[in-house]
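Peer 1: output the structure for:
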Amino acid sequence: MSDDIIRIRLTAASPEALRAFANETGADLGCRPIARRTAEGFQIDAYLPEDTVRSAQTRGIADVAVEWIENTSEISRQRQEEVARGNRYAARGAVPRGLGRKE
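Peer 2: The predicted structure is shown next:
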């Protein structure tokens, strides 16, 4: 069982089907979800726990196609590894390093 959050793309014939899927699964659609009309129907990106995504893909909820885009939890862990552990301003009088203006 994984607690990872997955970014998915939902595709359905109507916005109502997307809404039904989101209501049933509790999908996070962001703060201002807008479904895009495409040749395949209506699409929207959403975020769900990995177990819910796998279940939705096998069950076929509300005739909505579920496409796995990325594991946002894994990407977050990778980005956190890029951040230094120490405080670069800890030494009194230290000159700031990195991006930004040095004054």
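
Peer 1: buried residues, the helix or strand of the chain with the lowest mean pLDDT. List them.
Peer 2: Every helix and strand in the chain was compared by mean pLDDT, DSSP states H and E; the lowest is helix 50-59, with a mean of 90. Within helix 50-59, the residues scored as buried using 16 or more other CB atoms under 10 Å are 50, 52-53, 56. Heads up, the C-betas are built off the backbone N, CA and C, glycines and all.

Peer 1: just stretch 57-74 next, same as before
Peer 2: Going by 16+ other CB under 10 Å, stretch 57-74 has these buried residues: 61-62, 64-66, 71, 73.

Peer 1: narrow those to those in helices?
Peer 2: S73 (DSSP state H).

Peer 1: farthest-apart pair in the buried residues of stretch 57-74, please.
Peer 2: A62 and S73 (25.3 Å; CB to CB).

Peer 1: need the contact partners of the least confident helix or strand of the chain.
Peer 2: With contact meaning CB atoms under 8 Å, 6 or more residues apart in numbering, helix 50-59 is reached by 1-6, 8, 21, 25-26, 48, 64, 66, 68, 71.
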